[in-house]
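*Asks:* Provide a 3D model corresponding to the input given below.
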Amino acid sequence: MSLLTIVKLELKFISAQGMTSLLILLYPLILMMVVGPIFSNMGAKGVTIALYSTVHENFPNFESQELIEFDTKEGMINSVISGQSVLGILFTTDESGRRRMYTYFDPQKEVVATSLAMQLQGKLADLSADLVETNLVSIHGSMKDLSKEVDGQLQKIPQLRANLKQNKANLEQLRGSMQNSDAVATTNMLSQMRSDAIGMSEGISNMRQKLSSWEDTINQISTYDSKLQYYDGRLAATDSQLFTLQNKLNAWDIQLQQRIAQLDSAYATLGTYLTIVSQVRATSTGAAQTQLITVENGIIDSRNQILSARNDLQSMRSDIQNSQAQIAVARNDIQSARNDISNTRASLQTTQANARSDLSYTRSQMDDASNKLIIAQNNLEKAQANLNSFSVLSQSMNTYLVESSAQLDSLDQDISRTQTLLQSMKSNIGKFVENDPRKYVPLKLESLPERRTLRPIDSIFPALLGLVSLLSCLLLPPIMSVKQKTQGLRFRMKLSYASTFSIVIGKFIGDYIAGLIQVMVVALLGAIFFGINLSANPLAFSFALFLAPAVFTAMGTLLSAFVSNEGSAVLSSLLVSMPMLFLSGIMLPIEQIQGAFKTIATLLPLYNVVEMISKTTVRDAAYYAVENYFVVSVYTFAFIVLALIFWHRKE
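*Replies:* Now for the predicted structure:
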């Protein structure tokens, strides 16, 4: 019997098995039609969030979630308990006035609730960064302008002091020439002095207006400090949530450790039972011995399952410990940001206090100087009114000149103190302006524009094709081999003097064609109904599509050499497929697998099949799939060679 004849016979036999073949062949298609729509419409759209807030402030909106506001905390909690809402948020202030945010959720919905809480945390962090950056840059610019104004006023002070010195010299000159001056000359000089006094009064008035403008600018610091306090409160609330999550992870780690200990105890107990059964079987014969063998095999399978479950729990515990470390890093970053905000607030408050003190003292000095100028003007008016009486004028003018000279000396001292205060204000403002405000802005996490956005169905499609290849191609050869043996077809092949090579290769090709048709149909369904892009690397994807069913068909052909009935065929397929499902990255991310298991996982056929399909479709990296092509090809060849060896021994 030729190889081609055996291939045709295998395909006819598969089609003739009715419901058995139909279930094996249609199961992956049904899986695609069920999983496809689910992953095409995944997302948190429409999830309800309950909010109770005691702070009258706009709350950040989610893009596609429904936000329900409650008037009481109990109403918010009852909404979560009843299932109406997935996540409850309490937004309030503590005794110190700091804003705080608390979350409440059903433990059974912790995955969705935690995702929403992290989304809210990201929105709050971005909002805080934008507001801090805007406000700090604004006040930084205002303080620069204030520094320039102070410089301008400081430059005017020397001229003002020169005018005072000149006025004092004029007074001395007036006193010296008082006896020789007539009324007209004295009147002209008094008019000039009044004009000078009015000019000085206007200068002081302008400086008062500038001081009022500076005071408004300094008062804005309180607004910025309040906003910084608000952002600090939000960061503190986020840190509290992370701390709560960290405690829960610690509790889960302890529970996992306890479960691992229980599994170890069960594993040891089964080992004891296995020893007892082995001893009893050694002394038994006949049907009892057969039953004991069955019991012994069952205990061995149970021990293997317990060992596999223990390894999975140990892997989960490692993942939890990694998450704890990441949360600790996040909390340290938040604490660093809060320290930066605290330092900034302290600097702002110190600058504001110093500026207010300097402004208050300057304003007091200005008021004193203004009062003295008013007194001087009044004295000038009195002197001018008494010019008709020269003797009275002489006495009054002499007194006035003495007082005016003393007042000018006092005013010169006041101007010196004002100059010192303005220089101190300039120094304090300069220290604040020296620092770049952007270094206090929290970092914003953004994605590179080169990052591709995939739908859930795009991400799961390579794993789905690999799963279809595994489920159909691995189970089909053992089931068909058992049915061929039951129906006598294998015996007829022996009578035809067909070689073991022709039988094994013929069965492999026939089963491979059936599996290839399934994988191709699933790929077409994904492209037609769910928009999967298969045209990025058509040649590379076609090669991957032909290799995927080949390796699992070869593995199934090898298993068919060891099975004797349909039950053992199914169990052996499960025994081979289940570890691959957990270790290949389909059930658990392979990045979370640690130690030697990660190395083993990267060598499994299913992992390389999924990677091969992923790189040639959604990841558009066909060049990097060469290694996976090689691994899958080597597995296919090795399984076929081993199948030939064991089939030859069996025959």
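*Asks:* Please, which helix or strand holds E95?
*Replies:* Element membership for E95, per DSSP states H and E: none, as it lies in no helix or strand.
*Asks:* sorry, that was for I49
*Replies:* Using DSSP H and E, I49 falls in strand 48-53.
*Asks:* try L411
*Replies:* Here L411 is assigned to helix 390-434, by DSSP H and E.
*Asks:* Quick check: mean pLDDT of the next helix or strand after that helix?
*Replies:* Next helix or strand after helix 390-434 toward the C-terminus (DSSP H and E): helix 456-486. Helix 456-486 carries an average pLDDT of 80.
*Asks:* If you count contacts, what does helix 456-486 end up packed against?
*Replies:* helix 3-15, helix 19-40, helix 489-495, helix 500-529, helix 538-559, helix 566-583, helix 605-616 (3 or more C-beta pairs under 8 Å, 6 or more residues apart in numbering; DSSP states H and E). From N, CA and C alone the C-beta is placed, and that goes for glycine too.
*Asks:* by how many degrees do it and helix 500-529 diverge?
*Replies:* Relative orientation of helix 456-486 versus helix 500-529 (axes from the mean of the first three to the mean of the last three C-alpha atoms, to 10 degrees): 150 degrees.
*Asks:* Same question for helix 456-486: list its buried residues.
*Replies:* 457-458, 460-484 (16 or more other C-beta atoms under 10 Å).
*Asks:* List phi and psi for the closest residue to S459 other than its chain neighbours.
*Replies:* Among residues not flanking S459 along the chain, V618 sits closest, at 6.8 Å (C-beta to C-beta, 6 or more residues apart in numbering). When read as degrees, to the nearest 10, the backbone of V618 gives phi -70, psi -30.
*Asks:* residues contacting V618?
*Replies:* For V618, the contact set (C-beta atoms under 8 Å, 6 or more residues apart in numbering) comprises 454, 458-459, 461-462, 533.
*Asks:* which helices and strands sit right next to the strand or helix carrying S357?
*Replies:* Per DSSP H and E: S357 is located in helix 286-385. Using 3+ C-beta pairs under 8 Å, 6+ apart, the elements in contact with helix 286-385 are helix 110-176, helix 183-282, helix 390-434, helix 566-583.
*Asks:* the inter-axis angle of it versus helix 183-282?
*Replies:* Using the same axes, to 10 degrees: helix 286-385 against helix 183-282 is 180 degrees.
*Asks:* Just want the angle from helix 286-385 to helix 390-434.
*Replies:* Using the same axes, to 10 degrees: helix 286-385 against helix 390-434 is 160 degrees.
*Asks:* Number the chain from 14, please
*Replies:* Got it, the first residue is 14 from now on, which makes the last one we talked about helix 299-398.
*Asks:* Just the angle for helix 299-398 relative to helix 579-596, thanks.
*Replies:* 20 degrees.
*Asks:* What mean pLDDT does helix 299-398 get?
*Replies:* Mean predicted lDDT for helix 299-398 stands at 81.
*Asks:* what about F514, neighbour count?
*Replies:* Per other C-beta atoms under 10 Å, the neighbour tally for F514 reads 12.
*Asks:* Quick check: it vs A389, distance?
*Replies:* To A389, F514 is 125 Å away according to C-beta to C-beta, to the nearest Å.
*Asks:* what about the stretch 464-613 of the chain, any weak spots by pLDDT?
*Replies:* Applying pLDDT under 70 to the stretch 464-613 of the chain flags residues 464-467, 469, 501-511.
*Asks:* If anything else comes up later, I'll come back, but that's it for now.
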